[in-house]
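Q: Predicted model and sequence follow; I will ask about them next.
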Amino acid sequence: MVVGMSGGVDSSAAAWLLKEQGYDVIGVTMQIWQDEAEEIQQENGGCCGLSAVEDARRVAQKLDIPYYVLNFKQDFKIHVINYFVGEYLAGRTPNPCIACNRYVKWDALLRRSLEIGADYIATGHYARLERLENGRFSLRAAVSAGKDQTYALYSLTQEQLSHTLMPAGAYQKEEIRDIAERAGLPTAHKPDSQEICFVPDKDYAGFIDRWTGHSVPEGDFVDARGRVLGRHKGITHYTVGQRKGLGLAMGRRVAVTRICPETNQVVIGESEDVFSRTLEAHRLNFMSVPDLTGSRQVTAKIRYNHKGAPCVIEKIGEDRIHVEFLEPQRAVTPGQAVVFYEGEYVLGGGTIL
């Protein structure tokens, strides 16, 4: 059993819980930071920084389990950072945590773990994993509803889920901290990481400029008719639905309705213009069913902190799905995930077009 240890309280408690259940636990931290100076590595929180390694190592020592740091820098660069940069440059808003879960924390780590003889990998994610009556594995919303992370895990495959354990999903967050404190784990009171781990200052546009080696050019703000309203700082500074930081003196509340990389324009509209009743998505992954046939009424989340909304979904192509909401939804954003739920269970999801 390999436990991915990020240096946080959730994965620390997961390792303790699994050891208590009798598993032969090995702790692993994924080295995903790139070739920054050491002081920058130290600043990077979450699962990226050197401080995370030291915290995870101290937990492993407390639990008396083997602990290793494995190099996943190339996987992270290709599947997360390059994807993140490419999506913003294409006028879309990426979700790097979903990409990291699918291609690094599961694909790469699971492959490496199976190679060394482990049967499972485990993480501190807040989700419950169950095998349904139809034999398929699906994710169920965590007991701690406010911490539920099933949205960011919808793209995991059946093979990956069959080799996965997520013990934290059965507990409230406060219970996880209590477990860690009673076990004497040094991460029991460590704050949760809130930002994208490789952009701790939240300056996404600045990161993209540094990563690519050149600044994204300025361009025009335009309205729906193409009339110029002002100048924008570069398309990587904006996302659909954004209202703050536009620098436009319009005398009323306006928002970004579309980003057009082909013309280097950012389209501005009224507040009501960012509401939509329909969307289409691709890069589909179904979890509780092998595929979708016919139309189906489900609940859909269009971003991580979206509460979910009822809708009807129907496949309109091999890798295309149409979604019609019962009520218009604000800021349906290309590049983000749409995840479908039936009750507490993940039916599947895709990437918004």
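A: Done, it's in. Residues are numbered from 1 along each chain as shown.
Q: Just the element for Ser12, please.
A: Using DSSP states H and E, Ser12 falls within helix 9-20.
Q: in that helix, what counts as buried?
A: Under the neighbour-count criterion of 16 or more other CB atoms under 10 Å, helix 9-20 has 9-19 buried. Using the backbone N, CA and C atoms, a C-beta is placed for each residue, glycine as well.
Q: export those to a markdown table and tack on distance to Ala60 and pLDDT?
A: Shown next, in a markdown table, are the buried residues of helix 9-20 (distance: CB to CB, whole Å; pLDDT from 0 to 100):
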| residue | distance to Ala60 | pLDDT |
| --- | --- | --- |
| Val9 | 14 | 97 |
| Asp10 | 15 | 97 |
| Ser11 | 11 | 97 |
| Ser12 | 9 | 98 |
| Ala13 | 13 | 98 |
| Ala14 | 12 | 98 |
| Ala15 | 8 | 98 |
| Trp16 | 11 | 98 |
| Leu17 | 15 | 98 |
| Leu18 | 13 | 98 |
| Lys19 | 10 | 97 |
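Q: sorry, back to before: could you dump the helix holding Ser12 to PDB, C-alpha only?
A: Written as PDB, here are the backbone C-alpha positions of helix 9-20 (Å, rounded to 0.1, in the frame of the first residue of the first chain):
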ATOM      1  CA  VAL A   9      -3.100  16.600   7.800                       C
ATOM      2  CA  ASP A  10      -5.400  14.700   5.500                       C
ATOM      3  CA  SER A  11      -2.800  12.400   3.900                       C
ATOM      4  CA  SER A  12      -1.100  12.000   7.300                       C
ATOM      5  CA  ALA A  13      -4.300  10.800   8.900                       C
ATOM      6  CA  ALA A  14      -5.000   8.600   5.900                       C
ATOM      7  CA  ALA A  15      -1.600   6.900   6.400                       C
ATOM      8  CA  TRP A  16      -2.400   6.400  10.200                       C
ATOM      9  CA  LEU A  17      -5.900   5.000   9.500                       C
ATOM     10  CA  LEU A  18      -4.600   2.500   7.000                       C
ATOM     11  CA  LYS A  19      -1.800   1.300   9.200                       C
ATOM     12  CA  GLU A  20      -4.400   0.900  12.000                       C
END
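Q: Number the chain from 20, please
A: Got it, first residue is 20 now, which makes that one helix 28-39.
Q: From Tyr360, how far out is Gly210?
A: For residue 210 the amino acid is Pro, not Gly. 29 Å (CB to CB, to the nearest Å).
Q: For this structure, just list every one of the helices.
A: Using DSSP state H, the helices found in the chain span residues 28-39, 57-62, 69-82, 92-95, 101-108, 115-119, 128-134, 177-180, 192-201, 223-231.
Q: Packed most tightly, which of those helices would that be?
A: helix 28-39 (a mean of 25; mean count of other CB atoms under 10 Å).
Q: Distance from that helix to the middle of the chain?
A: Its chain's C-alpha centre and that of helix 28-39 lie 22 Å apart, by CA atoms, centre = their mean, to the nearest Å.
Q: and what of stretch 162-180?
A: Counting by CA atoms, centre = their mean, stretch 162-180 comes out at 10 Å from the chain centroid.
Q: before we move on, what about stretch 267-274?
A: 31 Å.
Q: Would you mind listing the residues in contact with the nearest residue in space to Phe344 that is not next to it in sequence?
A: The shortest distance from Phe344 to any non-neighbouring residue, by CB to CB, 6 or more residues apart in numbering, is to Cys330 (4.4 Å). With contact taken as CB atoms under 8 Å, 6 or more residues apart in numbering, Cys330 is in contact with 316-319, 342-345.
Q: Show me what Cys330 bridges to in the sheet.
A: Val317, Phe344 (DSSP bridges).
Q: per-residue confidence for it?
A: At Cys330, the pLDDT value in this model is 98.
Q: which non-adjacent residue is nearest the most centrally placed residue in the chain?
A: By CA atoms, centre = their mean, the mean C-alpha position of the chain lies nearest to Cys116, the distance being 2.8 Å. Among residues not flanking Cys116 along the chain, Ala171 sits closest, at 4.9 Å (CB to CB, 6+ apart).
Q: Surely the one you found and Lys320 touch.
A: No - using CB atoms under 8 Å, Ala171 is not in contact with Lys320, being 10.4 Å away.
Q: Please report the distance of Gly264 from Val28.
A: Distance from Gly264 to Val28, by CB to CB: 33 Å.
Q: what's the answer for Glu39, then?
A: For Glu39 relative to Val28 (CB to CB), the value is 16 Å.
Q: about what we covered before: now, among the contacts of Cys330, which is nearest to Gln50?
A: Ala319 (35.7 Å; CB to CB).
Q: who are the neighbours in contact with the closest one?
A: Counted by CB under 8 Å, 6+ apart, Ala319 has contacts 327-330, 332, 342, 344, 357-360.
Q: Mind doing that once more with 7 Å?
A: Residues near Ala319 by CB atoms under 7 Å, 6 or more residues apart in numbering: 327-328, 330, 342, 357-359.
Q: Same check on Lys192?
A: 163, 166.
Q: and if you look at Ala137?
A: 20-21, 45.
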